[in-house]
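Student: predicted model and sequence follow; I will ask about them next.
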Amino acid sequence: MCPVCREPMVSYELEGVEIDQCVICGGTWLDAGELVLITELAGVEPGELAPALRQSREGSRTRRRCPRCPRRLREIHAGRQEEVTLDRCPSGHGLWFDKGEIEAVVRSYADAQEEAVARFFAELFHSETPSPRTGD
């Protein structure tokens, strides 16, 4: 069930990674460990991105509920400057990304490894996912 719309989500698999997405609001649920798997499939080390999203800091409780358990999601701040607010299950089941948040988090980590992850997400969502800016 979508934490935002409370509608069923669609699940699909891409290269062994199961993705849950809401067709109504465009949000995406990634189960614990799937982000690390995605970085590996993109051919890079997780770098700073995955550890930052796995952070254990407890944020404010939201009204949204985890799709895997009845607990309320907690807000965490992601990105190098913590500019993106995500929802994380306090039991560690995974992360909820509102539409556009995956791209925003990846874009905030501006190096070649995260650019490969951005390309993977662009393929995943068949969209023009903006790549992070790299230095010239």
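Tutor: Looks like it came in fine. Numbers count the residues shown, from 1 in each chain.
Student: next one: residue 99 from residue 27, what distance?
Tutor: Relative to residue 27, residue 99 is positioned 6 Å away (CB to CB, to the nearest Å). For the C-beta atoms, the positions are set from N, CA and C on the backbone; glycine is no exception.
Student: where in the protein is the helix or strand with the lowest mean pLDDT?
Tutor: helix 49-53 (a mean of 59; mean pLDDT, DSSP states H and E).
Student: helix or strand right after it?
Tutor: With elements assigned by DSSP states H and E, the helix or strand that comes after helix 49-53 is strand 61-65.
Student: now the nearest residue to residue 15 once chain neighbours are set aside: how far from residue 92?
Tutor: Leaving aside its sequence neighbours, residue 15 sits nearest to residue 41 (CB to CB, 6 or more residues apart in numbering; 5.2 Å). Here the criterion is CB to CB. By it, residue 41 lies 21 Å from residue 92.
Student: ok so, going back, which of residue 99 and residue 27 has more neighbours?
Tutor: A direct count of neighbours by other CB atoms under 10 Å for residue 99 and residue 27 places residue 27 higher, at 23 against 14.
Student: can I assume the more buried one is in contact with residue 1?
Tutor: No. Counting by CB atoms under 8 Å, residue 27 does not reach residue 1; the two are 11.6 Å apart.
Student: ok, the closest residue to residue 5 other than its chain neighbours - contacts?
Tutor: Take residue 5 and drop its neighbours on the chain: the residue closest to it by CB to CB, 6+ apart is residue 24, 4.5 Å away. Residues near residue 24 by CB atoms under 8 Å, 6 or more residues apart in numbering: 2, 5, 7.
Student: redo the residues you listed as JSON lines? Include distance to residue 14 and pLDDT.
Tutor: JSON lines is the format used below for the contacts of residue 24 (distance: CB to CB, whole Å; pLDDT from 0 to 100):
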{"residue": "2", "distance to residue 14": "19", "pLDDT": "97"}
{"residue": "5", "distance to residue 14": "22", "pLDDT": "95"}
{"residue": "7", "distance to residue 14": "22", "pLDDT": "94"}
